[in-house]
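Undergrad: Give me the fold of what follows.
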Amino acid sequence: MNSLISIVLPDLRGGGVERIRIVLAHEFAKAGHDVEFVLMQARGELLPEAQAAFPVVDLATPRARGLPFALARYLRRRRPDALLAGMWPLTVIAPVAARLSGHRCKVLVSEHGMLSAQYRDWGRLHHALLRLSTAIGYRIARQRVGVSSGLVSDMAGLSWMQRNDFHVIHNPVPPRREPSAAAINTAELLWDAPPGARILTVGTMKAVKNHPHLLRAFARLACNDARLMFVGDGAGRDALLALARELGVADRVILAGFQSDPMPFYQTADLFALSSDYEGFGNVIVEAMACGTPVVSTDCPSGPAEILEGGKYGRLVPVDDIEAMASAIAATLDEPAPTDQLKARAADFQPAKAAKAYLDLLGV
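TA: Numbering: from 1, shown residues only. Predicted structure coming up:
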């Protein structure tokens, strides 16, 4: 018997959690379930993609304080079998809304970012609200999921709950289409250097990604033919470019901007580097490995070490250790991990596996 699974989100902007939810929705549909997106506001870059495959409900609720009652009305009307909510504060509002509605659906909440780190500088009052809300919301949800073991520990600590009250389900990372010859050629032109020491990082230019750390490590490499490419955009772009000039490496640094399909860049790179201070998971690591691209990453909380199995599939370095990052990059360029081994590990994060884990928890 088909179940109706409702996925609640603020909107469908082009972020990682939103993309993950669309991937899961397709897997749920393949398993024979009906899926519906429920949005606080029907907007965002991924909205047309979702609308092409699934019903989308617009709650027209711009503020979180209006969501409990709007979502409760939706639940009374549509009576889904399961409700999936990701990202605080939705993860604490959705279970409350389900109670308000009187409809006994199965509520599963999942966090995709390290809340204690994300809101570290928001002050004591906000921290108290965060702890109290998770203590209530997580307890009344049917199931609680974190996308890494470290994230689960953070969720348990914040909410004064036991770690075994939570489940780990790693992010699904779908295989991307093989890039066209034209796309590969475009990436090659941007590199403007022969293969051998092409270093890539992919991600929004924001503080948590600590791109200046990677740039300083790159500047210490002895190889003058090396290139460092940043795929992504954000508020930190101008400061990064200024730092590259200060370090004397601006002529070897490529700011490629946002790319809707980073596959040609993974495939033409010799190494992928992640310099984050913390990560909920680290999808970009899996994407790089799926292309057979070797990885160097900070051993930050909480996903990279789990993906790389403590260094088995790529080198891990301490956060903010520039010398260690530079040494690991040089060593990996000299002795990269076997391509087949990296691709096999990436296959462990296929969407079908994650979707089955969610469906098993929901019992639908």
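
Undergrad: And the nearest residue to residue 357 once chain neighbours are set aside, its phi and psi?
TA: The spatially closest residue to residue 357, leaving aside those adjacent along the chain, is residue 169, at 4.6 Å (C-beta to C-beta, 6 or more residues apart in numbering). The C-beta positions use only the backbone N, C-alpha and C, and glycine is treated the same way. Per-residue torsions, residue 169: phi -130, psi 110 (degrees, to the nearest 10).

Undergrad: For residue 169, list the residues it contacts.
TA: With contacts defined as C-beta atoms under 8 Å, 6 or more residues apart in numbering, residue 169 is in contact with 110, 145-147, 354, 357-358, 361.

Undergrad: Restricted to helices, list those.
TA: Within the contacts of residue 169, residues falling in helices by DSSP state H are 354, 357-358, 361.

Undergrad: rewinding a little: how close does the residue nearest to residue 357 get to residue 56?
TA: Spatial separation of residue 169 from residue 56 under the definition C-beta to C-beta, to the nearest Å is 24 Å.

Undergrad: domains of the chain?
TA: 4-169, 181-348 (automatic domain parsing).

Undergrad: Show me the one of the ones you listed that comes nearest residue 175.
TA: domain 181-348 (6.3 Å; C-beta to C-beta).

Undergrad: Quick one: end-to-end distance for the closest one.
TA: The first residue of domain 181-348 is 28 Å away from its last residue (C-alpha to C-alpha, to the nearest Å).

Undergrad: for stretch 216-234, same thing?
TA: With C-alpha to C-alpha as the measure, stretch 216-234 spans 19 Å from end to end.

Undergrad: Repeat that for stretch 304-322.
TA: 18 Å.

Undergrad: Tell me which residues of it come out buried.
TA: Neighbour counts using 16 or more other C-beta atoms under 10 Å place 304-308, 313-317, 319, 322 of stretch 304-322 among the buried residues.

Undergrad: Which ones among those map onto strands?
TA: The strands, defined by DSSP state E, take in 315-317 from the buried residues of stretch 304-322.

Undergrad: Closest to residue 129 out of the residues you listed?
TA: Distances from residue 129 to those, taken by C-beta to C-beta, are shortest for residue 316, at 34.1 Å.

Undergrad: okay if I get the buried residues of stretch 304-322 as CSV plus pLDDT?
TA: Formatted as CSV, the buried residues of stretch 304-322 follow (pLDDT from 0 to 100):
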residue, pLDDT
304, 95
305, 94
306, 93
307, 96
308, 97
313, 97
314, 97
315, 97
316, 97
317, 97
319, 95
322, 97
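
Undergrad: How about exporting the lowest-mean-pLDDT helix or strand in the chain as CSV, limited to the C-alpha atoms?
TA: None of the helices or strands of the chain scores lower by mean pLDDT, DSSP states H and E than helix 115-118, at a mean of 91. Extracted C-alpha coordinates of helix 115-118, given in CSV (Å, rounded to 0.1, in the frame of the first residue of the first chain):
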residue,chain,number,x,y,z
LEU,A,115,24.2,23.3,15.4
SER,A,116,26.5,23.9,18.4
ALA,A,117,29.2,25.2,16.0
GLN,A,118,26.8,27.0,13.6
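
Undergrad: Mind giving me the packing neighbours of it?
TA: When contacts are defined as 3 or more C-beta pairs under 8 Å, 6 or more residues apart in numbering; DSSP states H and E, helix 115-118 packs onto helix 149-159.

Undergrad: With residue 43 as the reference, measure out to the closest residue to residue 165 other than its chain neighbours.
TA: Among residues not flanking residue 165 along the chain, residue 144 sits closest, at 6.3 Å (C-beta to C-beta, 6+ apart). Residue 144 sits 28 Å away from residue 43 when distances are taken as C-beta to C-beta.

Undergrad: Check residue 87 too.
TA: Using C-beta to C-beta, we find residue 87 at a distance of 16 Å from residue 43.

Undergrad: So for these two, which residue has more residues nearby?
TA: A side-by-side neighbour count of residue 87 and residue 43, using other C-beta atoms under 10 Å, places residue 87 first with 20 against 13.

Undergrad: distance of the residue lying closest to the more buried one once chain neighbours are set aside from residue 11?
TA: Leaving aside its chain neighbours, residue 87 sits nearest to residue 17 (5.7 Å; criterion: C-beta to C-beta, 6+ apart). Remark: distance between residue 17 and residue 11 (C-beta to C-beta) = 11 Å.

Undergrad: I'd like to know which elements the longest helix seen in the chain is packed against.
TA: Selection of the longest helix in the chain by residue count, based on DSSP H, yields helix 124-140. On a contact count with 3+ C-beta pairs under 8 Å, 6+ apart, helix 124-140 meets helix 90-101, strand 106-111, helix 149-159.

Undergrad: So what touches it?
TA: Contacts for helix 124-140 (C-beta under 8 Å, 6+ apart): 88-89, 91-96, 98-99, 107, 109, 115, 119, 144, 155, 158-161, 165.

Undergrad: Mind doing that once more with 10 Å?
TA: Helix 124-140 is touched from outside by 85, 88-96, 98-99, 107, 109, 111, 115-116, 118-123, 144, 155-161, 165-166, with contacts defined as C-beta atoms under 10 Å, 6 or more residues apart in numbering.

Undergrad: Ramachandran coordinates for residue 221?
TA: Torsion angles, degrees, to the nearest 10, at residue 221: phi -70, psi 140.

Undergrad: That one contacts residue 247, doesn't it?
TA: No. Counting by C-beta atoms under 10 Å, residue 221 does not reach residue 247; the two are 11.3 Å apart.
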